[in-house]
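Participant: Next input, structure requested:
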Amino acid sequence: MIRGTDGRFKVVSWHDAFAVVAEIAHQVKPEEIVGIAESMMALKDFLNKMGSNNVWCEGNGPSPNADLRSGYIMNCGINGLENADVFLLVGAQPRVEAAMVHARIRETVRGSNAKVAYVGPLTEFNYDCEHLGTGPETLTEIAEGRHPFCSTLSNAKNPAIIVGAGLLERSDKDAIFSAVETIVKNGNVVRPYWNGFNVLLLNAAQAAALDLGPVPESIQSIESAKFVYLMGADDECGFGKASK
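Facilitator: This is a model prediction of the structure:
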């Protein structure tokens, strides 16, 4: 709804509503624009006041590592991918999960002959990509220096590792991330002026949600729940498993 010249609100189409928003937004200075987020924090505060800290967010899995922000974001940024000369994709399929990330990797491969390796289920890429293996055992071999790819990684100037957010849903995610952390350390992936460790989140505002801390206290909280408050959420996090 928008307010007409007579001061009364009237129903309009989304197209007309956005046109009004765009017109006003372009008439003000950047420092005069303010955004106020409420719902996510309101839900967390609401449950916290009731004594519960079991706040879930779609796509974050039961127990993501949200202690350090660098553990769940694209640290080098999408633009920074252009500086990488070796990519290791771990359970990440940018072609179907993140078009912009995929396009940037593709441009980098074409422009600088950067090498790309992938660990995960068989899939297709529209650039040269070496499939190293399908499971965690491959990551263990790389972490322990027993895989041929280790030499490629150690010789890289700016190696980049991209971990798929789907790994957060796996029961063995702790072992996988432990192996990845070892690879990051041994491969000199993180150092001054370069952080090539990246987590590819799939849901809108997911990083912001982790910043705010909606992480469940118990992974069994959904199964044992007798009261579930769904705020614009569907069944992705297993909400359908609630007992009542």
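
Participant: can we go C-alpha only for contacts and neighbour counts from here?
Facilitator: Noted.

Participant: Nearest to the middle of the chain, which residue? Look it up for me.
Facilitator: By C-alpha atoms, centre = their mean, the chain has its centre lying nearest to L201, at 1.4 Å.

Participant: need the contact list for it.
Facilitator: Residues in contact with L201 (C-alpha atoms under 8 Å, 6 or more residues apart in numbering) are 59, 72-73, 164-165, 207.

Participant: so where is the protein shaky, pLDDT-wise?
Facilitator: For the chain, the stretches with pLDDT under 70 are 35-38, 57-67, 204-205, 213-222, 232-244.

Participant: would you list every one of the helices in it?
Facilitator: Secondary structure of the chain, counting by DSSP state H: helices at 14-25, 39-49, 77-80, 94-97, 99-112, 136-143, 149-154, 173-186, 206-212, 221-224.

Participant: Can you lay out those helices as JSON lines showing mean neighbour count and distance to C129?
Facilitator: Formatted as JSON lines, the helices of the chain follow (neighbours: other C-alpha atoms under 10 Å; distance: least, C-alpha to C-alpha, whole Å):
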{"stretch": "helix 14-25", "mean neighbour count": "11", "distance to C129": "42"}
{"stretch": "helix 39-49", "mean neighbour count": "14", "distance to C129": "39"}
{"stretch": "helix 77-80", "mean neighbour count": "14", "distance to C129": "19"}
{"stretch": "helix 94-97", "mean neighbour count": "16", "distance to C129": "12"}
{"stretch": "helix 99-112", "mean neighbour count": "16", "distance to C129": "10"}
{"stretch": "helix 136-143", "mean neighbour count": "19", "distance to C129": "16"}
{"stretch": "helix 149-154", "mean neighbour count": "17", "distance to C129": "12"}
{"stretch": "helix 173-186", "mean neighbour count": "18", "distance to C129": "19"}
{"stretch": "helix 206-212", "mean neighbour count": "17", "distance to C129": "28"}
{"stretch": "helix 221-224", "mean neighbour count": "17", "distance to C129": "39"}
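
Participant: Make JSON lines from those and add distance to F197 to it.
Facilitator: Formatted as JSON lines, the helices of the chain follow (distance: least, C-alpha to C-alpha, whole Å):
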{"stretch": "helix 14-25", "distance to F197": "36"}
{"stretch": "helix 39-49", "distance to F197": "27"}
{"stretch": "helix 77-80", "distance to F197": "10"}
{"stretch": "helix 94-97", "distance to F197": "15"}
{"stretch": "helix 99-112", "distance to F197": "14"}
{"stretch": "helix 136-143", "distance to F197": "15"}
{"stretch": "helix 149-154", "distance to F197": "13"}
{"stretch": "helix 173-186", "distance to F197": "7"}
{"stretch": "helix 206-212", "distance to F197": "15"}
{"stretch": "helix 221-224", "distance to F197": "31"}
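
Participant: picking that back up, ramachandran angles for the residue nearest to the centre of the chain?
Facilitator: When quoted as degrees, to the nearest 10, the phi and psi of L201 stand at phi -80, psi 150.
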